[in-house]
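In: from the sequence below, what's the structure:
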Amino acid sequence: MSETCPCCRQPIPEIVDLTVDQSGILVRNGRFAALTRQEFSVFEDLRTAFPRMRSQEQLLTALYWDRPNEVPELKIIDVFVCKLRKKIKPLGLQIQTVWGQGYRFVPVATTGAANE
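Out: Numbers count the residues shown, from 1 in each chain. Sure thing, here's the model as predicted:
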């Protein structure tokens, strides 16, 4: 049974058949995606926040928390999200843009985009 969102009290859909390896490999429905360290950090932050959205600032902080002197422009988050979208789409996963606010991880049914 799925959990209930603490904000909207709607059922939270389960992320079915997704295996996440800490080395940056995602596996779902017999397909895999290899993520870079930065992509994996953004993906994990979005996945663990699910169903809530994360702002660009929150994602940037999560990505560079251990390197405060190396923080790039905020726009780098858009670049990582663009690359992530391309890699996770074949797995039936999506990242939704919440206009003016940030991004949200959105699992798609296992019989949808992953089988196209």
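In: grab the most central residue of this protein for me.
Out: Phe43 (3.5 Å; CA atoms, centre = their mean).
In: quick one: name whatever helix or strand follows the worst-scoring helix or strand of the chain on mean pLDDT.
Out: Every helix and strand in the chain was compared by mean pLDDT, DSSP states H and E; the lowest is strand 18-21, with a mean of 74. Note on strand 18-21: by DSSP states H and E, the next helix or strand toward the C-terminus is strand 25-28.
In: what pLDDT, on average, does the next helix or strand after that following strand get?
Out: Toward the C-terminus, strand 25-28 is succeeded by strand 31-34 as the next helix or strand (DSSP H and E). In this model, strand 31-34 has a mean pLDDT of 87.
In: helices and strands around strand 31-34, which ones?
Out: Of the remaining helices and strands, those touching strand 31-34 by 3 or more CB pairs under 8 Å, 6 or more residues apart in numbering; DSSP states H and E are strand 25-28, helix 76-88. Using the backbone N, CA and C atoms, a C-beta is placed for each residue, glycine as well.
In: quick revisit: which helices and strands sit right next to the least confident helix or strand of the chain?
Out: Judged by 3+ CB pairs under 8 Å, 6+ apart, strand 18-21 is in contact with strand 25-28.
In: now do 10 Å
Out: Under the contact criterion of 3 or more CB pairs under 10 Å, 6 or more residues apart in numbering; DSSP states H and E, strand 18-21 touches strand 25-28, strand 31-34, helix 37-49.
In: nearest to Lys75, out of those?
Out: Within the helices and strands packed on strand 18-21, the stretch nearest Lys75 is helix 37-49; the backing value is 13.5 Å (CB to CB).
In: got the buried residues for the helix or strand just after the closest one?
Out: Per DSSP H and E, the first helix or strand lying C-terminal to helix 37-49 is helix 56-64. Taking 16 or more other CB atoms under 10 Å as the neighbour-count basis, helix 56-64 is seen to contain the buried residues 56, 58-60, 62-64.
In: follow-up on the earlier one: give me the sheet partners of the least confident helix or strand of the chain and which way each runs.
Out: Listed by DSSP bridges, the sheet partners of strand 18-21 and their directions read strand 25-28 (antiparallel).
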